[in-house]
Every structure is written in structure tokens, then in C-alpha cells.
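Q: The following comprises the amino acid sequence and a computationally predicted model.
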Amino acid sequence: MTQVEPAAGEVPPAEPRARGSGVGAALIAAGILLSRVVGILRQMLMARYLGAGVAADAFNAAFRIPNMLQNLFGDGALSAAFIPVYSSMVGRGETREARQLAGSVAALLGLITAVLVLAGMLLAPALVSVINPGFSGERRDLAIHLVRILFPGAGAFVLSAWCLGILSSHRRFFFGYAAAVTWNLAMIATLVVVGPGASARSVAIDLAYASVVGALLTFVVQLPVALRLTGGVSLRIVKTDALARVRSGFAPVAVSRGAVQISGFIDQSIASLLPTGAFSLVTYAQTLYMLPVSLFGMAVSAAELPELSREAGPGADAMRKLADRLGAGLRRIAFFVVPCIVAFVALGDVVIAALLQSGRFGPTETRFTWGILAAASLGLLAATLSRLYSSGFYAMHDTRTPFRIALVRIAVGTVLGAVLALVVTPAMGVDRRWGAAGLTLGSAAAAWVEMVLLRRRLAGVVGEMSMPDAFMVRITAAALAAGAVGIAVKMPLIAVDMQRHLVAAGVFACFGATYLGLTSVLRVAEARALTSRVLGRLRRRRP
């Protein structure tokens, strides 16, 4: 037995500081934003030094295979199964029991992860062949080599998810979500040092080693804080009712929470059957697509989950509180995500050119990535709202409903994506790389199926969750008007061949100002609250 206990005189587990879920969501969003901004810088350098060729395809495929372990056993899956049980115990003052549960989950997770990492390294050739059937020759050989390097890093990320669950339960939101910056920085440093002048293959291999080092750092920086919050844990599996609830909910949550990632994973498997480069183009598009999913869908749902879990209970009053919380969260998500959809569809070429176009990533790659991103964006609102609907079920310890609905989403997305990419696109006589846009369009349609099913089932339990049609009309009209302004600004700037980053800055400054101004004029409460907070901070900073 490994014992990790607090030092003599150390204060036992920290009590969570109460704060509004809006503040929690803002802290999570800030942590995610910091990590994602650094992540986009990493993607910019990857596009520059890897491009969209054989090495890029091999690296992105290799990264996605062990990343499946992270998606299924870490991140939102572990948090959604663990946080409702653990945070409820902390909220009731059951300190010793909560600490015991934390230690049991950590020990069980570490054991399972070690076995799966070893198996993944040994079975790398079979995994690449099954998951990426279109890979052959150099692409396949390099992918196998990279998978073996990357698998231990995925194990470290799973253990980091345990730390994140502890931190979130104790409302230490920002630090847990910002910790991934260390992973991105390790990869950025490697790209800066070895990228110039090196072959794409050499860059891919060095980048894989850097990813493992960064993943270990992400775990190490969170661990001391998690141990302090729990008061120390004993790494021993103790069979309790609480552990049984976490274990019984884990598998369904892993599938339902990871539906977006799993759908993306299947998309990339089908993309391996498309011409060289399509695989990497999907990856670049998904990086941008996941930004609003993480910033708004994940941030709001992650902040709400501990609060919903503490308040969930029998009776009409409890259900009404859940419905009110969910309704407020849905409006916050929609307010930010709707303009993101318009921006990706109408102005995606501007942001992609500014962020990715350089070196081995040229204008042709920008055009294809824009089309892939635009198709994916049609399902963005549904995907982000679904995360919060799922949190409502998890708060009530219902993991099976989101699980069954997620299976429907994955099935619909797989069938539609495969047909559009492998049948419809070739029949149209266009470049087969456009099949990647067919993949993401199929996933977008599947996201709407999932969202509608989740909403209907949840409304049947907690009642209607307020997101009035008038609210959606106002923010959609404002976003479309902002998109029109963005296009009007974009066209003349591109015509005079202005520098890409200046074009992006000008276009999105006008887009954002138009959207915020119109939603404020239209009396959208979220816009007025945001404007009030910004102006208040500016006034406080004045001498």
C-alpha cells in the first residue's frame, strides 16, 4: 500500500469556496482559453513544419490513437462520473469518506491505465491497421513508431484528469484547466528548436517525445494541489458504495461525454481512406472547431456539474432549480456559440490564413480547411448545448440516458459521414479531398440528433429549460449582421493584398463590435452583463 498523508500540522482537506456558477464558468473558460491560445500557437508551428503531407498525417493519426485512452478514461468522462459522487460527499462534510473514494479511484485508474498503455505500445501495428485502414508504406510505418512513443503520455493525461476532478470539486477551476499549458509549451519549444531546416519526419518524431514530456509535466504540476485539497490519499482500492457508483457510471459517461471526440476519431479513421493530406486537414479544422466547444460548452457544463450535483434531489422544487440553472447555462452557451458559427462559415478563411498559412501549409490547404470547418460548424450549437444537457442527467446520477443517445449520435454520424465522404463526393467529380467536408457535415447532422433527443428526455424529467425563441432570433440576427459586416470589411482588405494577420485583426474587431453592439441594443441580458463587466473593470483601472 502506498500512503500519501498530510504533513504534521497540515490542515485537512480544503472546503470548497462557494461561488456562483457563472464565476466558475468564467474561471474554467479563462483556463481553457489560456491553454487553447498556446495550443493554437503549437498548431501554427506544426502547420509550418509538418504541412499536410505524409509526416503530418502519420503524427496526427498516431496522436489520435492513444488519445482515445485519454478521451475514454480521462477528461470529461472521469470528471462526470467522479465529481457528482465526490462533491456530494464533500458538500455533506464526509471528509474521510471523500478522501477514501479519491484514493480508491486514483489507484484503480492508475492500474487500468498502466495495463492499457503497455498493451497499446505492444499492439501499435494492429491498432494503426484497424483504425487507419487507408495508411500504407511510409505513412503506416511512421504512425506505428509514433504511437509507441506517444502512449505513455496519454496515460499521464488520464492521471491528470483525476487531479482535475479533485480541483473542480473544490472549485479550484482555473488552475486545473490551465495546467495543459505546460504540455503545449513543451511541444512549442521543440518545434522552435528542431523545426527550422529539419525534415518533416524528424520533426514528427521529436514532437512525439516532447508530447510525452509535456503530459508528465501537466500531471506533476497539478498533483501537489490535489493532494493538499484532499488532505492526502491512500492509494488503495477500498470497495464502497461510493466507488461502486463511480464505476457503474464510468463506462456510459465515457461514451456519452466523449461523443464529440469519438465522432471526430471515427471521422479521421474514414479520412485515412481519402487522399494524402485530408487526414491532417480534418485535424487542423477540428482544432479550431473545438475552441468554442471547450470555451463555452465545456466551461459552462463543467462549472455547473458540481453545483447541480449538490442541489439535485427529489421533489418539484429541486427539479425547478435544476431547470432554472440549466436554462441560464443554455443561454450563456448560445450567446457565445452562435456568432462563432457565423464567423467560421463566413470568415473561416481569414482566421485559418492568419493562424496556419505558412511554410508547408499554403493557400490550397487553407481553402480545404475552411470548407471542412464550415461544414463542422453547422453542428456546433447542438454539440455545445448537448454537453450541458448531459450534465443535467449526470447530476441526477443518470448516466445511461446520455449513453444511449450518444450511441445514436455516433451511429448516425458514422453512416452519414462515410456516405458523404466515400460515395457522394466521388460521384460529384470534385477533388476527393472534399470528402473530408462530407465527414464533418455528417457529424454536424448527428450532433443535432443527439441534442434534440437529450433535450426532450431531460425536459420530461425537470420541466422546460428557458431559452425563448425570441432570444435565439435576436442573437442569430445580430450574428448574421455581424457576419455581413465582416465580409464587407474582408473583401477590400484581401483585394489590396494586406498582410493576413492585419486582415484578421480588422475583420474580427468589426465582427465582434457589431455583434456585441447589436445584442446590447436588442436588450439581450447576456450582452448587457458582459458590457457592464468590461466597462466596470476599465473604470476601476483608471487612475
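A: All right, it came through fine.
Q: and the nearest residue to L34 once chain neighbours are set aside, how many neighbours?
A: Spatial nearest neighbour of L34, chain neighbours left out: A178 (4.9 Å); criterion: C-beta to C-beta, 6 or more residues apart in numbering. No exception for glycine: its C-beta is placed from N, CA and C like everyone else's. Neighbours of A178 under the rule other C-beta atoms under 10 Å: 20.
Q: do the same with S248
A: Neighbour tally, S248, other C-beta under 10 Å: 14.
Q: ok, now which ones touch it?
A: T399 (C-beta atoms under 8 Å, 6 or more residues apart in numbering).
Q: try 10 Å this time
A: Going by C-beta atoms under 10 Å, 6 or more residues apart in numbering, S248 touches 81, 397, 399-400.
Q: Can you say which helix or strand has it in it?
A: Using DSSP states H and E, S248 falls within helix 241-257.
Q: Need phi/psi at F361.
A: phi -110, psi 100 (degrees, to the nearest 10).
Q: mind checking how far the closest residue to it other than its chain neighbours is from A200?
A: Spatial nearest neighbour of F361, excluding adjacent residues (C-beta to C-beta, 6+ apart): A47 at 3.9 Å. The gap separating A47 from A200 is 11 Å, by C-beta to C-beta, to the nearest Å.
Q: Could I get the average pLDDT for the helix holding S248?
A: Averaged across helix 241-257, the pLDDT comes to 71.
Q: Please apply the same query to stretch 445-459.
A: For stretch 445-459, mean pLDDT is 92.
Q: distance between it and the chain's centre?
A: The chain centroid and the centroid of stretch 445-459 are separated by 19 Å, computed with C-alpha atoms, centre = their mean, to the nearest Å.
Q: can you pull the buried residues of it?
A: For stretch 445-459, a neighbour-count test (16 or more other C-beta atoms under 10 Å) marks 445-451, 453-455, 457-458 as buried.
Q: which of those residues lies closest to P292?
A: A447 (13.0 Å; C-beta to C-beta).
Q: Settle this for me: L109 is touching W162, isn't it.
A: Yes: counting by C-beta atoms under 10 Å, L109 touches W162, with 5.7 Å between them.
Q: Neighbour count for these two, which is higher?
A: Comparing L109 with W162 by other C-beta under 10 Å, the one with more neighbours is W162, at 26 against 21.
Q: May I ask which helix or strand encompasses that one?
A: Here W162 is assigned to helix 137-169, by DSSP H and E.
Q: do the same with E450
A: For E450, the host element (DSSP H and E) is helix 435-462.
Q: next helix or strand past that helix?
A: Per DSSP H and E, the first helix or strand lying C-terminal to helix 435-462 is helix 469-495.
Q: which parts of the next helix or strand after that following helix are buried?
A: Note on helix 469-495: by DSSP H and E, the next helix or strand toward the C-terminus is helix 500-521. The neighbour-count check on helix 500-521 (16+ other C-beta under 10 Å) flags 500, 503-504, 506-508, 510-511, 514-516, 518-520 as buried.
Q: any idea how far the residue nearest to L34 lies from T230?
A: Relative to T230, A178 is positioned 20 Å away (C-beta to C-beta).
Q: next one: H145
A: For H145, the distance to T230 - C-beta to C-beta - is 39 Å.
Q: between the two, which one's more packed in?
A: A count of neighbours by other C-beta under 10 Å puts T230 above the other of H145 and T230, at 26 against 18.
Q: Wait, that one touches R172, no?
A: No: T230 is beyond contact range of R172, at 11.7 Å (criterion: C-beta under 10 Å).
Q: where along the stretch 251-400 of the chain do the strands fall?
A: Ranges of strands within the stretch 251-400 of the chain: none, based on DSSP state E, counting those that start in this stretch.
Q: which regions of it lie under the pLDDT threshold?
A: Within the stretch 251-400 of the chain, the ranges that satisfy pLDDT under 70 run 251-265, 268, 298-299, 301-315.
Q: quick one: the helices in the stretch 301-450 of the chain?
A: 316-356, 363-377, 380-395, 400-419, 425-428, 435-462 (DSSP state H, counting those that start in this stretch).
Q: hang on, the earlier thing: have a look at A47 and A200 and say which one is more surrounded.
A: For A47 versus A200, neighbours defined as other C-beta under 10 Å are more numerous around A47 (27 against 18).
Q: now the more buried one: how far from L150?
A: A47 is 19 Å from L150, where distance means C-beta to C-beta.
Q: And for G110?
A: For G110, the distance to L150 (C-beta to C-beta) stands at 19 Å.
Q: Give me the common contacts of A47 and A200.
A: With C-beta under 10 Å, 6+ apart as the test, A47 and A200 both reach 56, 360.
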